[in-house]
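K.L.:
no sequence for this one, just the structure:
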């Protein structure tokens, strides 16, 4: 499951999720899910400038607590794949903790995987990888668009490496 979040800032203790984007992939194909999330606070002009998400957009969105059951169902038993997974996983873990749920998932960081698969490259940011592999992006810094980029990146890496080579590079 490819996951991306947009947040009110970078500190998962103090900041909140404002958007969740997921691309679920299994033997039946790929399915997408996304939602804005009401963080219960104002969104700064900096974050609005980065994501295009402002306070009025999330005012009528569900809270994280209202989405928690759906998220648990989607994430349960799945490999959680994110770019800089520590960030996205940390935010989800803390949001679940705030509502009394102990969230745990096996995670895979595409930054770390990119470094292992392509040690000759020195940059592994999502923008760099998008440019390197010619991946089309609709709305960069929107959760679903970035989750789609991860799914596209995953498929591109499978064109360049064998399945075995990729899973050997995965450090779970």
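P.N.:
Now that the structure is in, tell me what you want to look at. Bear in mind the structure is a predicted one, so any value in this text is a computation, not a measurement.
K.L.:
contacts and neighbour counts: CA atoms only from here.
P.N.:
OK.
K.L.:
count of neighbours near residue 53?
P.N.:
22 (other Cα atoms under 10 Å).
K.L.:
residue 37 too?
P.N.:
By other Cα under 10 Å, 24 other residues sit near residue 37.
K.L.:
quick one: residues contacting it.
P.N.:
Under the criterion of Cα atoms under 8 Å, 6 or more residues apart in numbering, the contact partners of residue 37 comprise 17-20, 58, 61-64.
K.L.:
report pLDDT for it.
P.N.:
In the predicted model, residue 37 carries a pLDDT score of 98.
K.L.:
do residue 101 as well
P.N.:
Among the per-residue scores, residue 101 shows a pLDDT of 97.
K.L.:
let me see the contact set for residue 34.
P.N.:
The neighbourhood of residue 34, defined by Cα under 8 Å, 6+ apart, consists of 19-22, 143-144.
K.L.:
ditto for residue 141
P.N.:
Contacts of residue 141 (Cα under 8 Å, 6+ apart): 6, 50-51.
K.L.:
go again with 10 Å.
P.N.:
If you count contacts by Cα atoms under 10 Å, 6 or more residues apart in numbering, residue 141 has them with 4-6, 47, 50-53, 147.
K.L.:
determine which two of these are furthest apart.
P.N.:
Taking Cα to Cα as the measure, the contacts of residue 141 span a maximum distance of 18.4 Å, between 47 and 147.
K.L.:
the more surrounded of the two?
P.N.:
When residue 47 is set against residue 147 and neighbours are counted by other Cα under 10 Å, the residue ahead is residue 147, at 29 against 16.
K.L.:
how close does that one get to residue 56?
P.N.:
Counting by Cα to Cα, to the nearest Å, the gap from residue 147 to residue 56 is 24 Å.
K.L.:
fine by me, we can end here.
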